[in-house]
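# generate coordinates for the sequence data below:
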Amino acid sequence: MMISRRAAARWGVFLVLLLSAAALLSARLSRFAGERAVFEAVAPQALILDDDLDPQSLALALERNLGYFDRLPQDRVFTYGTISVGLARLRRAQVELLSFLALSPARPALAAYLEKHFVFLEVRKKSWLPRRRPASPILYTGYYVPTLRGALQPSPRFCYPLYRQPDDLVVVDLSNFDLRRPVAKLWPWLEALPLIPKIDELVFPKLRGRLLKNGTVVPYHARAEIDYAGTLLDRGLELVWVDDEIDRFFLQIQGSGKIELAEGGSLMVGYAAANGHPYQSIGGWLVRQEIMTRDEVSMPSIRAWLKAHPERRQEIFTVNSSYVFFRELPGREPLGCDQAPLTGGRSIATDRTLFPGGALAWIETRLPTFTDEGKLSGWRDSRRLVLNQDTGGAITGPFRVDLYCGDDLAAEQTAGLMKEPGRFLLLLPRE
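Numbers count the residues shown, from 1 in each chain. Take a look at the predicted model:
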């Protein structure tokens, strides 16, 4: 049976709306299955408000965060669960905290200040089943700024390019299109079905693709096409060449890096764009292939396996079709997604569709400790104030937090092993 172009277009819009509903529907299905994320106020007296980092790093992180706030429109509103907060209130609270830190308060005084000026909202996993209520539902991982060896010109040694953002990579924001109107008459019938969101609740995604000469947008090249089929060669997109394909792959996961140049000097590179393909964990793939167990998977163990099996690197790398393009950063500090410099131990990455950018938070987890020889010696409890300044392709959902650990060897060691449970609390300024 043939259908008209108009009818086909209406069905196409309908399918887009169904896909846009998928995120909301999946959240509702997880709630139907017995668990969901909620924000619950916690009495600060029930917490051990003993920040384990130096106050100078917190002051630096606040100064950088206030620079981000200063670039925002004054009517910007931030959402803490069901609570909306204006920019002026958030900024004032952080300015006042920064002024208090200038007095060099002792730890008990800082704890008392936080109790007086903030409401602590903990992200918890709500479950109908008591056995499914973990005390620490948040999974903490870490990331850092690696140092790579590179050159501005290719050679037999420096043969793995980092690419700039291609000019045919486009972003299509579906929220800019009036996609609800063509199916407005049909959707009320769907809303009567269990768990289907209302049409006004739909959140439209941003799609990344490749713009063809005829104006058509198609999915952008995947990792296999870029790195192993040479689809971006001879387009002048090479920013720098590095000497290790394993380092290049992990740089794309970290998002920023320092390149020590063979010509002398160094180059700081950071995230510019991504090809729009979903992130796939190669660690998860190694577990599913029974090459490693879940407990064995870490960045050091994956690196060691890749070095021992060079013949399988292409197979492993192309599991993750997501690809990151880079740009040269003007300074020597990595930038978060809000273009504010990150601070080691004080900046975190979360799912920015769920948690407000620039928000002050309190985290509790465990960090690894090492011997002078760099071997793991144990784990210690860690509690501290942090700022929500970044995001990442692998950081999705309400129960994932990625801690920026810094740019030195200790940061690499810590980030490579972090896979720990913990608690995550947003600090809402009191009115």
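# only C-alpha atoms from now on, for both contacts and neighbour counts.
Will do.
# how far does the longest strand along the chain sit from the chain's center?
Counting residues, the longest strand found in the chain (DSSP state E) is strand 376-390. Offset of strand 376-390 from its chain centre (C-alpha atoms, centre = their mean, to the nearest Å): 17 Å.
# strand partners (parallel or antiparallel) of the next helix-or-strand element following it?
Reading on from strand 376-390 to the C-terminus, the next helix or strand found by DSSP states H and E is strand 400-404. Here strand 400-404 is paired, per DSSP bridges, with strand 138-143 (parallel), strand 347-349 (antiparallel).
# model confidence over the longest one, on average?
Averaging pLDDT along strand 138-143 yields 95.
# next secondary structure after that strand?
For strand 138-143, the following helix or strand on the C-terminal side (DSSP H and E) is strand 147-151.
# before we move on, what about the last one?
Using DSSP H and E, the helix or strand that follows strand 347-349 in sequence is strand 360-370.
# picking that back up, need the winner for burial among the strands paired with strand 400-404.
strand 347-349 (a mean of 26; mean count of other C-alpha atoms under 10 Å).
# hmm, who's touching it?
With C-alpha atoms under 8 Å, 6 or more residues apart in numbering as the test, strand 347-349 has contacts from 61, 386-392, 395, 401-404.
# who wins on neighbours among these?
Most neighbours among these, by other C-alpha atoms under 10 Å: residue 389, with 30 neighbours.
# surely it is in contact with residue 337?
Yes - judged on C-alpha atoms under 8 Å, residue 389 makes contact with residue 337 at a distance of 6.6 Å.
# how about the closest residue to residue 330 other than its chain neighbours, what does it touch?
Spatial nearest neighbour of residue 330, chain neighbours left out: residue 268 (7.6 Å); criterion: C-alpha to C-alpha, 6 or more residues apart in numbering. When contacts are counted by C-alpha under 8 Å, 6+ apart, residue 268 touches 256-259, 328-334.
# buried ones among those?
Listed as buried from these are 256-259, 328-329, 333-334; burial here means 16 or more other C-alpha atoms under 10 Å.
# okay, now the unreliable bits of the protein?
Within the chain, the segments meeting pLDDT under 70 span 1-36, 127-136, 179-187, 189-204.
# could you list the domains of it?
Domains of the chain are assigned by automatic domain parsing as 22-143+336-429, 147-173+206-278.
# what's the end-to-end length of the last one?
Across domain 147-173+206-278, the terminal residues are separated by 26 Å (C-alpha to C-alpha, to the nearest Å).
# which residues in this structure form helices?
5-32, 55-70, 87-101, 107-117, 187-191, 223-228, 245-254, 282-288, 299-308, 313-317, 409-417 (DSSP state H).
# and of those helices, who's closest to residue 354?
Closest approach to residue 354 among those (C-alpha to C-alpha): helix 5-32, 12.0 Å.
# correct me, but residue 325 touches residue 276?
No - counting by C-alpha under 8 Å, residue 325 does not reach residue 276; the two are 11.0 Å apart.
# sorry, back to before: output the buried ones among the contacts of residue 268 in CSV, with distance to residue 69 appended to each entry.
Listed next are the buried ones among the contacts of residue 268 as CSV, based on distance: C-alpha to C-alpha, whole Å:
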residue, distance to residue 69
256, 22
257, 25
258, 27
259, 30
328, 24
329, 20
333, 19
334, 18
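# on that earlier part again, to residue 294, which of the domains of the chain lies closest?
Checking these against residue 294 by C-alpha to C-alpha gives domain 22-143+336-429 as the closest, at 10.7 Å.
# coming back round to it: which of the buried ones among the contacts of residue 268 sits closest to residue 240?
The closest of those to residue 240 turns out to be residue 259 (C-alpha to C-alpha; 8.5 Å).
# for the closest one, what are its contacts?
147-150, 266-269.
# just give me the closest of these to residue 164.
residue 269 (10.1 Å).
# enumerate every residue touching the residue lying closest to that closest one once chain neighbours are set aside.
Sequence neighbours aside, residue 328 is the residue nearest to residue 269 in space, at 4.5 Å (criterion: C-alpha to C-alpha, 6+ apart). Neighbouring residues of residue 328 by C-alpha under 8 Å, 6+ apart: 239, 267-270.
# who wins for most neighbours among these?
Most neighbours among the contacts of residue 328, by other C-alpha under 10 Å: residue 269, with 27 neighbours.
# tell me where the stretch 201-350 of the chain has strands.
Using DSSP state E, counting those that start in this stretch, the strands assigned to the stretch 201-350 of the chain run over residues 206-211, 217-219, 238-242, 256-261, 266-274, 324-328, 347-349.
# can you list those in TSV and add distance to residue 166?
Shown next, in TSV, are the strands of the stretch 201-350 of the chain (distance: least, C-alpha to C-alpha, whole Å):
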stretch	distance to residue 166
strand 206-211	9
strand 217-219	14
strand 238-242	10
strand 256-261	18
strand 266-274	9
strand 324-328	8
strand 347-349	26
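# residue 370 is nearest to which of those?
Across those, residue 370 has its closest neighbour in strand 347-349 (22.0 Å, C-alpha to C-alpha).
# what angle do the longest strand of the chain and strand 400-404 make?
100 degrees (axes from the mean of the first three to the mean of the last three C-alpha atoms, to 10 degrees).
# roughly how far apart are residue 333 and residue 44?
As judged by C-alpha to C-alpha, residue 333 and residue 44 stand 33 Å apart.
# scratch that, residue 362 is what I was asking about
From residue 362 over to residue 44 the distance is 11 Å, taken as C-alpha to C-alpha.
# try residue 384
Distance from residue 384 to residue 44, by C-alpha to C-alpha: 13 Å.
# please name the nearest non-neighbouring residue to residue 262.
What sits nearest to residue 262 in space, not counting adjacent residues and going by C-alpha to C-alpha, 6+ apart, is residue 151, at 5.2 Å.
# and that neighbour, bridged to which residues?
residue 241.
# touching, it and residue 244? I think so.
No - in this structure, residue 151 is not within contact of residue 244 by C-alpha under 8 Å, at 11.9 Å.
# more crowded one of the two?
Ranked by neighbour count (other C-alpha under 10 Å), residue 151 and residue 244 place residue 151 first, with 23 against 16.
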